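J.: Quick one, structure for this:
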Amino acid sequence: MHTPSEQTTETVVLLHGWWSGRMHLAGLARRLRRSGFTVVSIGYPSVRMPLEEIGSRLLGRELAKRIPPDGGNIHFVTHSMGALVLRRHLELNGRDRLGRVVMLGPPNQGSEAADFWSRSALVRAVAGPNLVALGTGPDSFARRLPPAEFPLLVVAGTRPPHPLVSPLPKPHDGRVSVESTRLVGMTSHHSVRTCHTALPWDREVFDVTVRFLRQGRRETRGE
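T.: Residues are numbered from 1 along each chain as shown. Here you go, the predicted model:
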């Protein structure tokens with residue numbers, strides 16, 4: 001239970017990643033609610049709809065429907081591809097009412113795993129339109145987005161589920177290297193010994209997320 005001094009009327013919007021959904025962030029949503037935040041979890045068709053359309057149209061429509069126009073600042077917590085969705089939205093719509101942002105395992109410079117699997121025509125056909133967009137090439141979706149101009153904590157995983165069979169440069173979380181999570185302008189960077197999929201369920205991730213959303217403090221681990 002949170003104490004009265006921890007009560008807040010601030011809103012946190014959660015954005016899941018690729019081949020995922022809102023339930024993957026359910027544990028994080030519960031922790032944030034217990035910490036006094038109002039939580040809005042937004043789902044989107046990450047496999048069927050192109051990243052460009054999700055970031056430039058869908059997210060804005062969902063925020064307009066679900067966030068009161070006369071409220072306070074809006075914080076965001078994203079997992080994986082959700083970071084790119086948010087960055088595209090902010091690029092087009094500005095940062096009015098934007099509070100703090102926490103990105104968990106974001107492919108801010110693209111995902112080396114996406115590069116690897118994009119070599120297969122069969123995988124590309126099954127994966128939908130966003131696999132190639134998640135790559136690390138100079139013209140990839142991630143590389144064309146602007147740097148951070150807002151308070152940002154990036155949390156990277158360093159323990160892949162299969163450490164002996166991965167094409168990614170170490171350290172990495174199985175999907176994204178730690179180096180690829182970094183973004184010019186970020187406030188802070190924090191590393192956690194867990195894999196990409198488990199980041200939204202990790203207790204240490206819960207703690208650093210809540211602390212940053214409340215206070216914007218720099219983290220030092222992994223700097």
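
J.: helix/strand/coil for S41?
T.: With DSSP: H, G, I helix; E, B strand; the rest coil as the basis, S41 sits in strand.

J.: residues near it, how many?
T.: 20 (other Cβ atoms under 10 Å). Where C-beta positions appear, they are placed from N, C-alpha and C, glycine not excepted.

J.: From G82, how far out is it?
T.: From S41 across to G82, the span is 11 Å (Cβ to Cβ, to the nearest Å).

J.: Could you do G55 as well?
T.: For G55, the distance to G82 - Cβ to Cβ - is 10 Å.

J.: next one: M186
T.: In terms of Cβ to Cβ, M186 sits 16 Å off from G82.

J.: the more surrounded of these two?
T.: G82 (29 against 19).

J.: Report the beta-bridge partners for the residue lying closest to the more buried one once chain neighbours are set aside.
T.: In this structure, G82 finds its nearest non-sequential neighbour in L15, 3.3 Å apart by Cβ to Cβ, 6 or more residues apart in numbering. When bridges are called by DSSP bridges, L15 pairs up with I42, T78.

J.: Please name the residues that touch L15.
T.: 42, 44, 59, 76-79, 82-83, 85-86 (Cβ atoms under 8 Å, 6 or more residues apart in numbering).

J.: C-terminal to the helix or strand where F116 lies, which secondary structure element comes first?
T.: Assigned by DSSP states H and E, F116 falls within helix 112-117. Using DSSP H and E, the helix or strand that follows helix 112-117 in sequence is helix 121-127.

J.: what comes into contact with that next one?
T.: So helix 121-127 is contacted by 47, 117-118, 131-132 (Cβ under 8 Å, 6+ apart).

J.: Show me which of those residues are buried.
T.: 117-118, 131-132 (16 or more other Cβ atoms under 10 Å).

J.: So which residues lie in contact with stretch 192-205, not counting its own?
T.: Contacts for stretch 192-205 (Cβ under 8 Å, 6+ apart): 24-25, 27-28, 79-80, 104-105, 155-161, 173-176, 208.

J.: Narrow these to those in helices?
T.: Per DSSP state H, helices hold the following members of the contacts of stretch 192-205: 27-28, 208.
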